[in-house]
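[1] okay, here's the prediction I keep looking at, along with the sequence it came from:
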Amino acid sequence: MMGLLLVLLTAFMASARTRQACDDEKAPAAAKKTTVMRGRASWYGREHQGMRTSSGERFDRNKYTCAHKTLPFGTRLRVSNPETGKAVIVRVTDRGPFRHQRILDLAEVAARPLGIVTHGAVSVVAEVVPATTPLGPTDAPEELAALAADSTITAEIHTDIRPGQTEAADVALLAEPTATFVIQAGTFGDPRNARAVMDKIQSVEPKLLVTTVATTTAEGKALNRVVVGRFATQAEADEVRLRLARVGVAGLVRQGENL
């Protein structure tokens, strides 16, 4: 009788170890889903050179940086082009792009090896990587083709990652953000005029977030749109718009995604 009990106990423990091993194998894949996004990426370069980004840094088209709508400044991403297998590591320093069809805007030096400068925009896979990862060209992930084909990976990535965090697997999903309102303070063909408006706004409202969004007309003419703030409600945005109007800066309140 004791022998039978011993056999049953041994079998139960072996089964438990097998289930635990299976769970351990599945866990990394589940964690990875929270750190990966897929969508279109574009670029910005000479016309924004030296302009102040949303993080306060001056934009440099020759540095491996990018713009993302929600990730904390300093977050590092591996951005890969599934068509070519090329990849780069970039750091988030700016906000944008403010259009549904794009998930990232890369500085020119980062966009070039991915073919983005040549084509204007390409489909990419972007992953949060450790903060110690060196910036610049890198190897694409071995599972790039699978990530590019995974229909559960979308353009959205909402995380609680903080700049300087070293383990990408620690990222957790947060709730979908509420609508964001901004103030459109003018659209200019000459980037110097856009910068003059930005400087004026920052001189009277130094705590406001002020940036530019690159866009083009139907005829292909490049334009620079000055965008102020990120407000949770339209009422907050209107209050700031009125303050700016008193110092001679006209603006319109828009939803950020509809610029």
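    Happy to help now that I have it.
[2] can you list the weak-confidence ranges in the stretch 101-250 of the chain?
    Scanning the stretch 101-250 of the chain for pLDDT under 70 picks out 151-179, 216-218.
[3] show me the strands in it, by range?
    Using DSSP state E, counting those that start in this stretch, the strands found in the stretch 101-250 of the chain span residues 102-107, 122-129, 136-139, 181-188, 210-216, 222-231.
[4] list the pairing partners of the longest one within its sheet, with orientation.
    Spelled out, it's strand 222-231. strand 181-188 (antiparallel), strand 210-216 (antiparallel) (DSSP bridges).
[5] then the second one?
    When pairs are called by DSSP bridges, strand 122-129 turns out to pair with strand 36-44 (antiparallel), strand 76-81 (antiparallel).
[6] what angle do that strand and strand 102-107 make?
    With axes from the mean of the first three to the mean of the last three CA atoms, to 10 degrees applied, the angle from strand 122-129 to strand 102-107 works out at 80 degrees.
[7] off-centre distance for strand 122-129?
    Distance of strand 122-129 from the chain centroid (CA atoms, centre = their mean, to the nearest Å) equals 9 Å.
[8] just the CA trace of that strand, in PDB.
    The C-alpha trace of strand 122-129 is given here as PDB (Å, rounded to 0.1, in the frame of the first residue of the first chain):
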ATOM      1  CA  VAL A 122       7.200  52.200 -44.100                       C
ATOM      2  CA  SER A 123       5.700  49.600 -42.000                       C
ATOM      3  CA  VAL A 124       7.800  48.700 -38.900                       C
ATOM      4  CA  VAL A 125       7.800  46.700 -35.700                       C
ATOM      5  CA  ALA A 126       9.000  48.600 -32.600                       C
ATOM      6  CA  GLU A 127      10.000  47.000 -29.300                       C
ATOM      7  CA  VAL A 128      10.800  48.600 -25.900                       C
ATOM      8  CA  VAL A 129      14.400  47.600 -25.000                       C
END
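[9] okay, buried residues for it please.
    Across strand 122-129, burial judged by 16 or more other CB atoms under 10 Å covers Val122, Val124, Val125, Ala126, Glu127, Val128, Val129. In this view, the C-beta of every residue, glycine as well, is placed from N, C-alpha and C.
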